[in-house]
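> Sequence plus the predicted model coming up.
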Amino acid sequence: MTAAVVRRRRRAAAARAARAYLAQPPGVAGAVLLLVVLLLALAAPLVVPPDQLSVVAATGGVLDPPSLEPSSTAFPLGTDENGLSVLALTLTGTRISLLVGVAATVLSVVIGTVVGMAAAHFGGWLSAVLLRLTDFFLVLPSLVLAIVLSTVLERGVLTIIVAIGVTAWPSTARLVRAQTLTIEARPFIERAQVLGGGHLHVLGRHVLPAVLPLVLASTTLAVGSAIVAESTLAFLGLGDPTTVSWGGMLKSALDSGAITAGAWWYVLPPGLAIVLVVLGFTLVGRALEVVANPALAARR
């Protein structure tokens, strides 16, 4: 089989996957929603000047309600307890929440993929050890472990990423292991081994490409969970106090008495942002699951 034939087949497979994805309106809606959120995150530094995030330069009052008056001091989403624009804070928090969610998910998926493939491919005592380790992390609540790690380690964005990433990989490991066992039972894997293919060749050239579609769908779904976990840690006061995040905004609203004071404009924007982003990733992840496993479409 020539390289040109392989490229044509890959392009044809990619085209079929794109058509299958576009045939699912919820998946398309989720992708559009995430694209809008990503554009807002990229544009945040351009549309939110640094002085709008400085308490010293705050021009608003304490918990001012939303105002659409055409003036330089109008705040469309109101202000917080320091007189800062809630709209500016929400836009700025988009970057941290997306960064932590995506980075923590990538870390957990990489760990889970390596552990799952190794446990299925090598077997023996290594598989037994990796499976017992996976079961150990599955039994313990991941949020509790993340809270412990965030408490022990130095507070910061990197700590939150590590705390979520190293506690959320077991489900991916079990999924990848099951898929790897299925793939390695096929005849082409045996042929590759008979022809002299080593472990890295079999795993890298044959198993990993077959596992990737399922891993991609799992990754997309896991991002939403990671964003919720980051918001939870920040709400509990374990986030980075020098950055703005949606969970940190909710904590500030609680600590400042905004909730009891009826300042809904301080609570609703970050809470709604979390819901919309998690919804977007869930819709995209479900659509990718159908693309990776068309049999799911008949069950829904």
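Received, thanks.
> Show me the helices in the stretch 1-150 of the chain, by range?
Using DSSP state H, counting those that start in this stretch, the helices of the stretch 1-150 of the chain run over 3-22, 25-47, 86-122, 124-139, 142-152.
> Only alpha carbons, please: show the fourth one as PDB.
Which is helix 124-139. Extracted C-alpha coordinates of helix 124-139, given in PDB (Å, rounded to 0.1, in the frame of the first residue of the first chain):
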ATOM      1  CA  GLY A 124       1.400  -9.900  34.100                       C
ATOM      2  CA  TRP A 125       2.600  -8.300  37.300                       C
ATOM      3  CA  LEU A 126       2.700  -4.800  35.700                       C
ATOM      4  CA  SER A 127      -0.900  -5.000  34.800                       C
ATOM      5  CA  ALA A 128      -1.900  -6.200  38.300                       C
ATOM      6  CA  VAL A 129       0.000  -3.300  39.900                       C
ATOM      7  CA  LEU A 130      -1.500  -0.700  37.600                       C
ATOM      8  CA  LEU A 131      -5.000  -2.100  38.000                       C
ATOM      9  CA  ARG A 132      -4.700  -2.000  41.800                       C
ATOM     10  CA  LEU A 133      -3.400   1.500  41.600                       C
ATOM     11  CA  THR A 134      -6.300   2.500  39.400                       C
ATOM     12  CA  ASP A 135      -8.800   0.900  41.800                       C
ATOM     13  CA  PHE A 136      -7.200   2.800  44.700                       C
ATOM     14  CA  PHE A 137      -7.800   6.100  43.000                       C
ATOM     15  CA  LEU A 138     -11.300   5.100  41.900                       C
ATOM     16  CA  VAL A 139     -12.300   4.300  45.500                       C
END
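> Now do it: which elements does it pack against?
helix 86-122, helix 170-184 (3 or more Cβ pairs under 8 Å, 6 or more residues apart in numbering; DSSP states H and E). Yep, even glycine has a C-beta here, placed from its N, CA and C like the rest.
> same for the first one, what does it pack against?
When you say that, I think you mean helix 86-122. Partner elements for helix 86-122 (3+ Cβ pairs under 8 Å, 6+ apart): helix 25-47, helix 124-139, helix 157-165, helix 170-184, helix 208-235, helix 246-255, helix 264-292.
> Let me see the contact set for Val291.
Counting by Cβ atoms under 8 Å, 6 or more residues apart in numbering, Val291 touches 17, 20-21, 213, 217.
> of all those, which two lie farthest apart?
Largest separation among the contacts of Val291 by Cβ to Cβ: Ala20 and Ala217, giving 12.3 Å.
> Which one of the two is surrounded by more residues?
When neighbours are counted by other Cβ atoms under 10 Å, Ala20 and Ala217 differ, and Ala217 comes out ahead with 22 against 17.
> quick one: the more buried one and Ala292 touch, right?
Yes. Using Cβ atoms under 8 Å, Ala217 makes contact with Ala292 at a distance of 5.2 Å.
> Verify the contact between Val47 and Leu91 for me.
Yes. Val47 is within contact range of Leu91, at 6.8 Å (criterion: Cβ under 8 Å).
> Same drill for those two, tell me which one is more crowded.
Leu91 (22 against 12).
> What residues of stretch 46-60 count as buried?
Residues 48, 52-53, 58, 60 are the ones in stretch 46-60 that count as buried (16 or more other Cβ atoms under 10 Å).
> And for stretch 262-280?
In stretch 262-280, counting by 16+ other Cβ under 10 Å, buried: 263, 265-267, 269-271, 273-274, 277-280.
> How about residues contacting that stretch?
Here stretch 262-280 makes contact (Cβ under 8 Å, 6+ apart) with 30-31, 33-34, 37, 63, 65-66, 77-78, 80-81, 86-87, 89-90, 93-94, 97-98, 101, 224, 227-228, 231, 246-247, 249-250, 253, 258-259.
> Turn the buried ones among the residues you listed into a named PyMOL selection, would you?
Restricted to buried positions by 16+ other Cβ under 10 Å, the PyMOL selection for the contacts of stretch 262-280 reads:
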select buried, resi 30+31+33+34+37+63+77+78+80+81+86+87+89+90+93+94+97+98+101+224+227+228+231+246+247+249+250+253+258
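> hmm, back to that, export the helices and strands packed on helix 86-122 to CSV and tack on distance to Arg11 and mean pLDDT?
Converted to CSV, the helices and strands packed on helix 86-122 look like this (distance: least, Cβ to Cβ, whole Å; pLDDT from 0 to 100):
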stretch, distance to Arg11, mean pLDDT
helix 25-47, 21, 91
helix 124-139, 37, 88
helix 157-165, 34, 88
helix 170-184, 23, 87
helix 208-235, 15, 86
helix 246-255, 40, 89
helix 264-292, 16, 90
